[in-house]
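K.L.:
can you look at this prediction? I've put the sequence above it.
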Amino acid sequence: NVLANQIAAGEVIERPASIVKELVENSLDAHSRRIDVLVTNSGLGSIRVIDDGDGIAADDLQLAFKRHATSKISSRKDLFRVQTMGFRGEALPSIASVADVKMTTATADSDGHSIHLHGGKVVSEKPALSRPGTDVTVTELFFNTPARLKYLKSPQTELSHLTDIVNRLALANPEVAISLTSDGHELFRSAGNGNLAQVVAAIYGIQVGRKMIKISGADNDFKVTGLVSLPELTRASRQYITLTINHRYVRNFQLTKAIIQGYGSKLMVGRYPVAVVNIDLDPFLVDVNVHPAKREVRLSKEPQLVNLIANAIAQAIGQRNL
Ligand code: ADP
Ligand code: MG
């Protein structure tokens, strides 16, 4: 149902960066160790995501582009995924309904297969040579929804949204090697060796240890870890604060405020730290019924977590100043 998919796309696929987010998250879900993102013309020309993950079996390939065909809801853990991933079983059909999509994919124990869809309709499907993993290319974004096309911003703005999301996903997943190449120029590459400090250095050019320090804190429900800048290293926007829950990039206003609170009076007004903070928790503590298109999550026991985060930061900074 192409129309329903276009409507769903309207909610979630706003711009090239949204497509990159959905595709890379799919690659992460598929246990990829390496994910390469290649775009041309800020993603308005083409978006290609290559991963070395589980791949999709030939029999499931058409199904993956059908609405609500997700292979991912089976456990309690997935309840959380439903929250943070935004929506379930809608990304591929939504993207395909407003663009041209070519995917080649193979699993470890089956031959490769490729599929081509245009405006949500299957144009062709055939066996293809491929190593395990998935290679997907999206072109002609919004070719059939001119109103959406009109709302896109300048190529520079679209590229900065796209870069931002790839950076955040890399910060959230230091154990996966992620790269971003734009018009043949490599903008970013993480090593995938699990070293968050190296990812921070690659993205922000900040040397951890000197200007950024480790934080940690835990109670019965939460475990907080991460890297935060010292009060003398700040930025003029909150954009340099990355919050992850169980290594999923999320947004939460209260928790972002908790990070700022941790600095007490040491931050100047209008200045914000650079921070990457991960919270490990039982997925049961993530509330359901949050708007799917946003990555805003709500948590039970939020005030308790706010204290834990603020204290972890205050403590790390206090020790530093001794
Ligand atoms: P969701 O991620 O919510 O399940 P999607 O529409 O994003 O829905 O993807 C549909 C299905 O296609 C997924 O459940 C997964 O089984 C499969 N899939 C998509 N991308 C990949 C990928 N890169 N590697 C392996 N499987 C994938
Ligand atoms: Mg998905």
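P.N.:
Done, it's in. Ligands and ions are numbered 1, 2, ... in the order given.

K.L.:
so R235 sits against R271, correct?
P.N.:
Yes: assessed by CB atoms under 8 Å, R235 is found in contact with R271 at 7.1 Å. Bear in mind the C-beta positions are built from the backbone N, C-alpha and C, glycine included.

K.L.:
just checking, I178 touches V37?
P.N.:
Yes: judged on CB under 8 Å, I178 makes contact with V37 at a distance of 7.4 Å.

K.L.:
who touches both of those two?
P.N.:
V24, V166 (CB atoms under 8 Å, 6 or more residues apart in numbering).

K.L.:
now do the same contact list for L285.
P.N.:
Here L285 is in contact with D221, L299, S300, K301 (CB under 8 Å, 6+ apart).

K.L.:
helices or strands up against the host helix or strand of V306?
P.N.:
Secondary structure from DSSP states H and E places V306 in helix 302-320. Where contact means 3 or more CB pairs under 8 Å, 6 or more residues apart in numbering; DSSP states H and E, helix 302-320 is packed against strand 212-218, strand 222-229, helix 253-261, strand 275-281.

K.L.:
what about 6 Å?
P.N.:
Judged by 3 or more CB pairs under 6 Å, 6 or more residues apart in numbering; DSSP states H and E, helix 302-320 is in contact with strand 212-218, strand 222-229, helix 253-261.

K.L.:
buried residues, it. List them.
P.N.:
L305, V306, L308, I309, A310, N311, A312, I313, A314, A316, I317 (16 or more other CB atoms under 10 Å).

K.L.:
got any residues that touch both of R235 and R271?
P.N.:
Among the neighbours of R235, none is also in contact with R271 (CB atoms under 6 Å, 6 or more residues apart in numbering).

K.L.:
circling back: any idea which of the helices and strands packed on helix 302-320 is most buried?
P.N.:
strand 222-229 (a mean of 21; mean count of other CB atoms under 10 Å).

K.L.:
how about the strands of the stretch 51-200 of the chain, start to end?
P.N.:
100-106, 113-118, 121-127, 133-139, 177-182, 185-189 (DSSP state E, counting those that start in this stretch).

K.L.:
select, out of those strands, the one closest to ligand 2.
P.N.:
Ligand 2 sits nearest to strand 133-139 of all those, at 11.6 Å, using CB to the ion.

K.L.:
give the bridge partners for L227, please.
P.N.:
Beta bridges link L227 to K214, V276 when assigned by DSSP bridges.

K.L.:
wait, it sits on V277?
P.N.:
No: judged on CB atoms under 6 Å, L227 makes no contact with V277 at a distance of 8.2 Å.

K.L.:
out of the helices and strands packed on helix 302-320, which is closest to ligand 1?
P.N.:
The minimum distance between ligand 1 and those falls on helix 253-261, with 24.2 Å, by CB to the nearest ligand atom.

K.L.:
now the angle from the closest one to strand 275-281?
P.N.:
Here helix 253-261 runs at an angle of 130 degrees relative to strand 275-281 (axes from the mean of the first three to the mean of the last three CA atoms, to 10 degrees).

K.L.:
so what's the gap between whatever helix or strand comes next after helix 253-261 and the chain middle?
P.N.:
Proceeding N to C from helix 253-261, the next assigned helix or strand is strand 272-273, under DSSP H and E. In terms of CA atoms, centre = their mean, to the nearest Å, the centre of strand 272-273 is found 21 Å from the chain centre.

K.L.:
and strand 272-273, average pLDDT?
P.N.:
The average pLDDT within strand 272-273 is 96.

K.L.:
mind checking the end-to-end distance for stretch 261-268?
P.N.:
12 Å (CA to CA, to the nearest Å).

K.L.:
what comes into contact with it?
P.N.:
So stretch 261-268 is in contact with P231, A310, I313, A314, going by CB under 6 Å, 6+ apart.

K.L.:
now with 10 Å?
P.N.:
Identification of contacts with stretch 261-268 by CB atoms under 10 Å, 6 or more residues apart in numbering yields 215, 217, 228-232, 234, 254, 260, 271-273, 275, 277, 306-307, 309-318, 321.

K.L.:
going by neighbour count, list what's buried in that stretch.
P.N.:
Here stretch 261-268 shows Q261, G262, Y263, K266 as buried, counting by 16+ other CB under 10 Å.

K.L.:
gap between the third one and A58?
P.N.:
To tie it back to what came earlier, the one meant is Y263. Look at Y263 and A58: by CB to CB, to the nearest Å, they are 53 Å apart.

K.L.:
what does stretch 149-156 rub up against?
P.N.:
Here stretch 149-156 has contacts from 14-16, 41-45, 98, 141-143, 145, 158-161, 182-183, using CB under 10 Å, 6+ apart.
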